[in-house]
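Peer 1: Give me a 3D structure for the following:
(chains A and B)
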2 protein chains.
Amino acid sequence: MSHETLDAAAASLPAEAIDAIERAATSAHRHEELFSERAANIRQSAVRDVFDISLRPGLVSLAGGSPYLRSLPLDRLAETAARIIADDGLTALQYGAGQGTEELRTQICAVMAAEGITDAQPENVVITAGSQSAQDVATKLFCNPGDVVLVEDPTYVGALNTFEAYQVQVETVPMDQSGLVPELLEARIAALQLAGKSIKFLYTIPSFNNPSGITLSAERRQQIVDICRTANILIIEDNPYGLLRFNGEPLAPLRADNPDDVIYMGSFSKIFAPGLRIGWALVPAHLQRRYYLAAEAVTLCPPALNQMLVSAYLRDFDWQGQIRTYRSLYAERCRAMLSALEEYMPEGATWTSPEGGFFVWVTLPEGVDTYPLLHKAIDAGVVFIPGAAFTPSDEPSNKLRLAFSAVPPDAIREGVRRLAPVLQEALAAR
Amino acid sequence: MSHETLDAAAASLPAEAIDAIERAATSAHRHEELFSERAANIRQSAVRDVFDISLRPGLVSLAGGSPYLRSLPLDRLAETAARIIADDGLTALQYGAGQGTEELRTQICAVMAAEGITDAQPENVVITAGSQSAQDVATKLFCNPGDVVLVEDPTYVGALNTFEAYQVQVETVPMDQSGLVPELLEARIAALQLAGKSIKFLYTIPSFNNPSGITLSAERRQQIVDICRTANILIIEDNPYGLLRFNGEPLAPLRADNPDDVIYMGSFSKIFAPGLRIGWALVPAHLQRRYYLAAEAVTLCPPALNQMLVSAYLRDFDWQGQIRTYRSLYAERCRAMLSALEEYMPEGATWTSPEGGFFVWVTLPEGVDTYPLLHKAIDAGVVFIPGAAFTPSDEPSNKLRLAFSAVPPDAIREGVRRLAPVLQEALAAR
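Peer 2: This next block holds a predicted model:
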């Protein structure tokens, strides 16, 4: 396997390299002069290309955070899709309302009620092409170049890519094992505002953060909202995993008691099927109209067939039972990963113990860079995502993300077993 | 019916009005301070809300440009969707490649070959959430605030909304009955460049332009490309209707002989099913990578199920026969509209005679404003789109768009019959 391929795949390809490739290809043109300023900020997502590599046979992929779909009732879903097209094809295959169907928006309110948002109104729900598109619309609507967006350190790589494409200055706030630290958030806001920065929103994944698996404690949630409210900063709450808590009831989202402060983003990608690309934003009433218009300018309307299939799933299937199935499935896989880490990891490595979601976050001693270890891990038959992907900085990172969602317990155990000597060697070489 | 509702529906709601609504709703917040500068440019699409009004029973809608789906083989499509989910559900419902499936990108090259683009490579195709999303990505990638985009006068309202959301200065170039006038394009470019403007691209719908139905003549096509090449301006060629020519072969797109000059945008919305939201961009090789990354940052990946359904349709169904069916269907409807216009329109009205597509463009004498006539037309039982929607200017327009795609010939005739006295009265009142 060529390391050049891996280099391109495993980290953000620098803008300069893309420029050079394009200059070479365009000797007859001067199209490179036409790129917008933001184009230089549009980068390769590390996760996406490692995801492609990880499909190779024989590799154990602990890289991609794909949900495990084998437990879905595919035959019944097939019949349902057929019925929708046969009976309602003229609607399912036609243009629809830009905001999404009223039926699905109403059902989404019931899904949100299952995790503690009890006052949502269908007219404030905007259906989007996955949460990714909801993040894109929010950034477009609020962020001028140079504006600040606050994120957890670490945070979702796809959101970083979206923010950077709008030339936003992304600033991190540290987490501890109980999530974002309120005092540090407050201090960071004060420092940035003192420096004359315009902070538009805090982007947070409070439950089972991607990539760290860390959950913001119940006690801190209202504190975080109050800090942002005082500073006049919106909160973008990204909660794709919230219902996938291994034990007990879901924690109430930040949005629950704070309808005016939070744009809440949900998704069917983790609790049903990502291939349908159906997510949503629950938008404060006073911001809804502009948000909806901005979404419409991007995709015109969400796909009607996909919305009707999700509606049928929520109406005719035991979607809550399916979530219980997922919860115990992912809990078992998480236990398998934690016990394999316990057994195989070298002295000096630590890791998080998630209460839900898809990911464990491993920290190696200071001075170890996990990025070059990826090549060696792939040679050893296992794939992970280096920690540097999940921060806006280009600094080396001594962290790595392991996903337990997509592979069975035996493979998880085998993957960790293959990974251990690679890490061991790096620690010994320090 | 309240005229307030109609006012909101029938034209772009001014940014000031949205501001006022939001200020009233947010007395406890200062969130309006957080909007980006571009947010003020994000407006209501006239077409979308008139589309909603036009669903009311009893009205004849000549407003929405929806395709007529009754001739699709819904039962066989239902079986196909069922088989995809039952046999390949783990792929169809999962995340996929950001650029779209290789199978569909390869098939799309064959679709483009049917209209004269014979050298397209699958690696240069990026599948998007309809053409709308392809336009959004292109604007994001190339346009800084204040940059100029050239468009035909008139042009597609959805593209105008997209451009304005990026704070682009949209400049129009006149058409005559043979489409965009090369000399006027050249003069417009020269004047704008002399004024120091940075022109990024020409957005054009050369075949059966929406809303005018006008087609750029074969002779002018290369002239337009050469003018833009000399001025180092990209061309965005939007060609959703190209295969829907009533008689004879499709005209070769501008892209056909000019692979490096044109970002070509195609769509399955008019030749198959808009509810799937599958479109594409064919991007010059030297621009492909950045275009793809920008698309990925917006939606992560296109929906796998929808792509597989389109692939099955192109593989297992007589899609070219279906296009022949559509061509004769729309040709018949166009004839019905033209003959009804001939019979009922008042002296002084003129209209275009499209060779394909969905629309006829009616011009009334100078001094008549078609926007207030919409209220009266709805009272008379017919809906159209006022011409002002299709230009970036806020000036009154003496034009209107009539769509013949979505309603049968009898209803077209009845709609035109209802419209005629409304126009007659307006002409008499001058």
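
Peer 1: The closest residue to A:Ala114 other than its chain neighbours: which element?
Peer 2: In this structure, A:Ala114 finds its nearest non-sequential neighbour in A:Leu243, 6.5 Å apart by CB to CB, 6 or more residues apart in numbering or on different chains. All C-beta atoms are positioned from the backbone trio N, CA, C, and that covers glycine. Assessed by DSSP states H and E, A:Leu243 sits outside every helix and strand.

Peer 1: Now do the contacts for A:Leu243.
Peer 2: By CB atoms under 8 Å, 6 or more residues apart in numbering or on different chains, A:Leu243 lies in contact with A:Val111, A:Ala114, A:Glu115, A:Pro250, A:Ile271, A:Ile323, A:Arg327.

Peer 1: which one of the residues you listed sits closest to B:Phe142?
Peer 2: A:Ile271 (37.4 Å; CB to CB).

Peer 1: returning to that earlier point: so which of the contacts of A:Leu243 sit within helices?
Peer 2: A:Val111, A:Ile323, A:Arg327 (DSSP state H).

Peer 1: thinking again about what came up before, let me see the backbone angles for the residue nearest to A:Ala114.
Peer 2: With angles defined as degrees, to the nearest 10, A:Leu243 sits at phi -80, psi -10.

Peer 1: just A:Ser267 next, same as before
Peer 2: Per degrees, to the nearest 10, the backbone of A:Ser267 is at phi -160, psi 150.

Peer 1: check contacts around A:Glu37.
Peer 2: Contacts for A:Glu37 (CB under 8 Å, 6+ apart) come out as A:Pro145, A:Gln167, B:Asn144.

Peer 1: Is it possible to get those out as TSV so that each row also shows secondary structure, distance to A:Asn124 and pLDDT?
Peer 2: Supplementary listing: those in TSV, determined by DSSP: H, G, I helix; E, B strand; the rest coil; distance: CB to CB, whole Å; pLDDT from 0 to 100:
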residue	secondary structure	distance to A:Asn124	pLDDT
A:Pro145	coil	29	92
A:Gln167	coil	29	91
B:Asn144	coil	33	94
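
Peer 1: Return stretch A:224-239 as CSV; C-alpha atoms alone will do.
Peer 2: Output of stretch A:224-239 as CSV, limited to C-alpha atoms (Å, rounded to 0.1, in the frame of the first residue of the first chain):
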residue,chain,number,x,y,z
ILE,A,224,-23.8,26.5,29.6
VAL,A,225,-27.1,27.9,28.3
ASP,A,226,-27.1,30.7,30.8
ILE,A,227,-23.5,31.7,29.9
CYS,A,228,-24.3,31.9,26.2
ARG,A,229,-27.6,33.7,26.8
THR,A,230,-25.8,36.4,28.9
ALA,A,231,-23.2,36.8,26.2
ASN,A,232,-25.9,36.8,23.4
ILE,A,233,-24.4,33.7,21.7
LEU,A,234,-26.7,31.2,20.1
ILE,A,235,-26.2,27.5,20.8
ILE,A,236,-26.2,24.9,18.0
GLU,A,237,-27.0,21.6,19.8
ASP,A,238,-26.1,18.6,17.6
ASN,A,239,-27.7,15.5,19.1
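
Peer 1: thinking again about what came up before, from the contacts of A:Glu37, list the buried ones, please.
Peer 2: With burial judged by 16 or more other CB atoms under 10 Å in any protein chain shown, the buried subset of the contacts of A:Glu37 is A:Gln167, B:Asn144.

Peer 1: Kindly reformat the contacts of A:Glu37 as JSON lines containing distance to B:Leu160.
Peer 2: What follows is those, written out as JSON lines (distance: CB to CB, whole Å):
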{"residue": "A:Pro145", "distance to B:Leu160": "23"}
{"residue": "A:Gln167", "distance to B:Leu160": "24"}
{"residue": "B:Asn144", "distance to B:Leu160": "18"}
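
Peer 1: Which one of the contacts of A:Glu37 is nearest to B:Gln94?
Peer 2: Nearest member of the contacts of A:Glu37 to B:Gln94, counting by CB to CB, is A:Gln167, at 32.3 Å.

Peer 1: Could you pull up the contacting residues of the closest one?
Peer 2: A:Gln167 touches A:Glu37, A:Arg38, A:Asn41, A:Pro145, A:Gly146, counting by CB under 8 Å, 6+ apart.

Peer 1: how about the nearest residue to it, chain neighbours excluded?
Peer 2: That would be A:Pro145: by CB to CB, 6+ apart, it lies 3.7 Å from A:Gln167.

Peer 1: Do I have it right that the one you found meets A:Arg38?
Peer 2: Yes. Between A:Pro145 and A:Arg38 there is a contact under CB atoms under 8 Å: 7.2 Å.
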